[in-house]
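Colleague: Below: sequence and its predicted model.
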Amino acid sequence: MEGGGENGRRLGNLLKWAAEIGIADTAAAEGEEGAPSCLGNTLFVSEFPEAGGRGLGACRDIRKGELVLRVPKSALMTTDALLRTDGVLSRCVANHPSLSPVQKLIACLLYEVGKGKDSSWYPYLETLPRSYSTFSAFGKFEMQAFQVDYAVWAAEKARLKVENEWEEARALLQELRLKPRLLTFGSWLWASATVSSRTLHVPWDEAGCLCPVGDLFNYAAPGESTTESTFTQDLHHGDNGCNHMLADDQSDANSRLTDGGYEEAVAAYCFYARQHYEKGEQVLLSYGTYTNLELLEHYGFLLDENPNDRVYLTIKVDTPLSSTWPRESLYIEPDGKPSFALLATLRLWALPPSQRKCIGNHAYSGSPLSIVNEARVLGLMVTSCEEALNHLLTRLKEDRDLLRELDGFDIISGSSVSEISARMAMLCSEEANNFSGRVLRRNGDSNAKKPLSLEKIQLALERWKLAIRWRIMYKRTLLDCISLCQKTINL
Ligand SMILES: C[S@@+](CC[C@H](N)C(=O)[O-])C[C@H]1O[C@@H](n2cnc3c(N)ncnc32)[C@H](O)[C@@H]1O
């Protein structure tokens, strides 16, 4: 990958710089032309289009549990580290104690970016992605494309949160005398998404750290073999809602079941192989257990097969559902099965009040209570799923057809916005027409003076496709739930 043009040059610089500051994949190696590189012994950087794009691959067979990368503490970009080396930054940040740790890290990151080539982190900063598809970057059209209320709300809430955080931090940004470009909401959005999607957990700062090279690992959901791992279960959700990859401090080698973490004994972030890898395979990391909506919110992607995904359903009943389980545990699993807590709650609801006391406790063990009770529960599931599906603007097949067309839709550089718009209008979908009207022609946006750049159109298209992929999975799960419940009723 290092060979390829400007990106290749930047990546080469990053790996050389990383080697100089002690980042190493088990043992420092020589790069192709004898240039020092922090990789080459165990890992290499490459494009992995099927999972995450740029990522790290195995350049030899790797055994499960092997140490694959070590990043010393001094190479971690934390608020602390940035404040220590810059008096102006440190004084200005101290004037704003009410800002959250995450807001401070975002401001420090922007300040560092503002230094350009004078920043000692420059080789790292110039390899960061230019844009993200985390929720806060979604426009109104792309948010509406989720169709399902709770997903649209989650996206709107995420956007609002970032807007508020920027408002609160503006005084600090002004005080730091950032260049006008770095004072904009767009820059804050970029830095906030960088922090959200790339920070790793460290015990001393709830905002986490940016970890050069260590943040090149792409994600795989924790599977069977890692479910016993404490870190996959013990997600670190700070009060500010910020998530970090690798939310675990556990560093005892004997009980280490995690993919990595900060290890005080060696003052370094250490990454371990979660499974065996053959030479050439992508080495993946679990950032934690996330539903697809959460992956989208914090990392800007989703998985077609996510064992941890959950679908929530509004169930309308005359007598309120009373449940001892938290609401988040009342969901449908990706294969269409109602969760244990959802089934138990509905079984209790379907019992006549006179029987609740004597046989209600069986519901807590997960057993069906009677044939009549079970049929009522499953019938309610079927009607609730059907209602939810009927309420949505499009059917599953339409979504699949549209996504197929959009996957083949090329935004050829050199095309004008009106050409793209005309091609989009030929897609025979009302939604595609709306995309032309609302996104491409920016209808209703009085601030829009010039047409969108091709880069921005491409990003809007990618985010729209993410929303369609999410709702396809939502609908597929509800349909699977319906057929599963009907099958059981027939039995
Ligand atoms: C920590 S970075 C990983 C490296 C990243 N691919 C890069 O080029 O810098 C996390 C980001 O990688 C992408 N990513 C990671 N795992 C992915 C996966 N399984 N599928 C799609 N995108 C993924 C997402 O954009 C996510 O926000």
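Modeller: All right, it came through fine. Residues are numbered from 1 along each chain as shown.

Colleague: residues of stretch 57-70 that come out buried?
Modeller: By 16 or more other Cβ atoms under 10 Å, the buried positions in stretch 57-70 come out as 57-59, 62, 67-70. The C-beta positions use only the backbone N, C-alpha and C, and glycine is treated the same way.

Colleague: and it, anywhere near the ligand?
Modeller: No: on the criterion Cβ under 6 Å from any ligand atom, stretch 57-70 is out of touch with the ligand, staying 12.2 Å away.

Colleague: near the ligand at all, stretch 199-212?
Modeller: No: interface with the ligand: stretch 199-212 contributes nothing (Cβ under 6 Å from any ligand atom), its closest point being 8.7 Å away.

Colleague: which of the residues in that stretch are buried?
Modeller: 199-202, 205-212.

Colleague: residues contacting the closest residue to the ligand within the stretch 301-450 of the chain?
Modeller: The ligand sits closest to residue 301 of the stretch 301-450 of the chain, with a gap of 3.6 Å, by Cβ to the nearest ligand atom. Applying Cβ atoms under 8 Å, 6 or more residues apart in numbering to residue 301 gives the contacts 52, 133, 219, 295, 466.

Colleague: out of those, which are inside strands?
Modeller: With strands taken from DSSP state E, the overlap with these comprises residue 219.

Colleague: which of the contacts of residue 301 tops the neighbour count?
Modeller: Compared across the contacts of residue 301, residue 295 has the highest neighbour count, 25 neighbours, by other Cβ atoms under 10 Å.

Colleague: residues contacting that one?
Modeller: 219, 301-303, 306.

Colleague: now those residues as a markdown table including secondary structure, distance to residue 331 and pLDDT?
Modeller: Putting the contacts of residue 295 into a markdown table (DSSP: H, G, I helix; E, B strand; the rest coil; distance: Cβ to Cβ, whole Å; pLDDT from 0 to 100) gives the following:
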| residue | secondary structure | distance to residue 331 | pLDDT |
| --- | --- | --- | --- |
| 219 | strand | 21 | 95 |
| 301 | coil | 21 | 97 |
| 302 | coil | 16 | 97 |
| 303 | coil | 17 | 96 |
| 306 | coil | 13 | 95 |
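
Colleague: Any chance of a markdown table for those residues, columns distance to residue 100?
Modeller: As requested, the contacts of residue 295 are exported to a markdown table (distance: Cβ to Cβ, whole Å):
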| residue | distance to residue 100 |
| --- | --- |
| 219 | 25 |
| 301 | 25 |
| 302 | 27 |
| 303 | 29 |
| 306 | 29 |
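
Colleague: Now do the SS call for residue 107.
Modeller: The local conformation at residue 107, judged by DSSP: H, G, I helix; E, B strand; the rest coil, is helix.

Colleague: I figured it hits residue 173, correct?
Modeller: Yes: between residue 107 and residue 173 there is a contact under Cβ atoms under 8 Å: 6.2 Å.

Colleague: Neighbour count for the two, which is higher?
Modeller: More crowded of residue 107 and residue 173, by other Cβ under 10 Å: residue 107, with 27 against 22.

Colleague: How about residue 122: what's its closest non-neighbour residue?
Modeller: Using Cβ to Cβ, 6 or more residues apart in numbering and skipping the chain neighbours, the partner closest in space to residue 122 is residue 116 (7.1 Å).

Colleague: for residue 399, helix, strand, or coil?
Modeller: helix.

Colleague: pLDDT wise, what is it at?
Modeller: Residue 399 carries a pLDDT score of 97 in this model.

Colleague: Same check on the one 10 residues further on?
Modeller: Residue 409 is assigned a pLDDT of 87 by the prediction.

Colleague: Kindly report the same for residue 446.
Modeller: pLDDT, read off for residue 446, is 54.

Colleague: mind starting the numbering at 634 from now?
Modeller: Happy to do that; since the first residue is 634 now, the last one works out to residue 1079.

Colleague: and the helix or strand hosting residue 1114 with the ligand, contact?
Modeller: Assigned by DSSP states H and E, residue 1114 falls within helix 1087-1123. No: in terms of Cβ under 6 Å from any ligand atom, no part of helix 1087-1123 sits within range of the ligand; the closest distance is 10.0 Å.

Colleague: buried sites along that helix?
Modeller: Quick answer for helix 1087-1123 (16+ other Cβ under 10 Å): 1087, 1090-1115, 1117-1118, 1122.

Colleague: For the most centrally placed residue in the chain, list the residues it contacts.
Modeller: Central residue check for the chain by Cα atoms, centre = their mean: the C-alpha nearest the mean position is that of residue 932, 2.3 Å away. Shown in contact with residue 932 (Cβ under 8 Å, 6+ apart): 767, 829-830, 852, 920, 923.
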